[in-house]
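1. what shape does this take:
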Amino acid sequence: MKLYYSPGACSLAAHIVARECGIPIALEKVDLATKRTQSGVDFFSINPKGNVPTLELDDGTILTEGPAILQFLADSAPEAELAPAHESMARYRLQEWLAFINSDVHKSYSPLFNPATPAEVRAERQAALGKYYAWLEEILTPQAWLLGNHFSAADAYLFTVTNWAPHVGVDLSHLPALTAFQQRVASRPHVRAALVAEGLVGG
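-> Numbering: from 1, shown residues only. Below you'll find the model as predicted:
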């Protein structure tokens with residue numbers, strides 16, 4: 001399989017999950033400004049939406065959208081237990097978390113990366129993220145992970161988007177449980193390996 005990614009973008013979550021699951025994947029970096037892959041291919045010819053992550057399966061099938069890719073990878077290695085069993089309530093909780101992170105947290109960050117975003121929109125999105133993270137602080141205070149005591153694909157996704165906070169002026173220093181969560185994820189060997197591979201930390 002091949003993962004099309006951009007360093008530190010939301011594709012990092014899929015990269016982490018693949019490594020946590022022991023799934024060998026080739027990495028192809030995408031320049032999101034030019035929409036060209038590292039090998040010089042027009043990325044739109046691979047994914048017409050032009051977004052990472054994009055996963056190319058061994059048979060050439062293309063899978064897009066982060067939550068779908070995270071679930072696919074986790075289900076490809078059930079022994080890693082990054083996704084609960086099908087039809088269990090825990091499975092629906094995973095989907096609930098992935099949907100929340102994708103539609104609320106992730107999308108609140110998007111306008112903050114755009115220098116053309118008006119100040120009032122920027123302030124509104126920062127306030128929204130403040131509320132989301134205050135709630136997540138309550139969730140993570142009594143438990144290590146979003147689903148309780150076991151690391152899941154949702155934790156990889158939350159870690160990835162929360163890493164963007166210092167780059168867009170979102171202060172999380174007053175949230176000790178969330179800060180500890182970020183440190184806990186970052187200390188996992190497979191997570192560190194993904195960060196090193198993407199050039200986000202030193203080897």
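2. which helix runs longest in the chain?
-> Counting by DSSP state H, the longest helix found in the chain is helix 119-140.
3. ok, now which ones touch R19?
-> H190, V191, A193, A194 (Cβ atoms under 8 Å, 6 or more residues apart in numbering). Heads up, the C-betas are built off the backbone N, CA and C, glycines and all.
4. name the nearest residue to it, sequence neighbours excluded.
-> Excluding its sequence neighbours, the residue lying closest to R19 (Cβ to Cβ, 6 or more residues apart in numbering) is H190, at 4.0 Å.
5. buried set for the strand ranked longest in the chain?
-> If each strand of the chain is counted by residues according to DSSP state E, the longest one is strand 26-31. Buried residues in strand 26-31, counted by 16 or more other Cβ atoms under 10 Å: L27, E28, K29, V30.
6. export stretch 102-110 as CSV, just CAs?
-> Output in CSV follows, covering the C-alpha atoms of stretch 102-110 (Å, rounded to 0.1, in the frame of the first residue of the first chain):
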residue,chain,number,x,y,z
ASN,A,102,-13.2,15.5,11.7
SER,A,103,-16.2,17.7,11.5
ASP,A,104,-15.7,20.0,14.5
VAL,A,105,-12.1,20.0,15.6
HIS,A,106,-10.3,19.5,12.3
LYS,A,107,-12.5,21.9,10.4
SER,A,108,-12.2,24.6,13.0
TYR,A,109,-8.5,24.7,12.3
SER,A,110,-8.8,25.0,8.6
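7. list the contacts of it.
-> 10, 66-67, 125, 128-129, 132, 157-158, 161-162, 164, 168.
8. in ChimeraX, select just the buried ones from the residues you listed.
-> One line in ChimeraX is enough to select the buried ones among the contacts of stretch 102-110; burial here means 16+ other Cβ under 10 Å:
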select :10,66,67,125,129,157,158,161,162,164,168
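9. could you work out the end-to-end span of stretch 73-80 for me?
-> Taking Cα to Cα, to the nearest Å, the first and last residues of stretch 73-80 lie 10 Å apart.
10. ranges for the helices of this protein?
-> 11-20, 66-76, 89-100, 107-109, 119-140, 153-162, 176-186, 189-197.
11. contacts for the third one next, please.
-> This means helix 89-100. Helix 89-100 has contacts (Cβ under 8 Å, 6+ apart) with 67, 70-71, 83-85, 146-147, 152-154, 157-158.
12. ok, now stretch 139-152?
-> Contacts of stretch 139-152 (Cβ under 8 Å, 6+ apart): 20, 74, 81-84, 90, 93-94, 97, 154-155, 158, 177-178, 180-181, 184-185, 188.
13. average pLDDT across the longest strand of the chain?
-> Per-residue pLDDT over strand 26-31 has a mean of 98.
14. stretch 156-170 now?
-> 97.
15. show the end-to-end separation of it, please.
-> End-to-end span of stretch 156-170 (Cα to Cα): 19 Å.
16. L63 against L57, yeah?
-> Yes. Between L63 and L57 there is a contact at 6.7 Å, judged by Cβ atoms under 8 Å.
17. looking at these two, which is more packed in?
-> Neighbour tally, L63 and L57, criterion other Cβ atoms under 10 Å: the higher count belongs to L63, 16 against 12.
18. which strand residues bridge the more buried one?
-> Beta-bridge partners of L63, counted by DSSP bridges, are L55.
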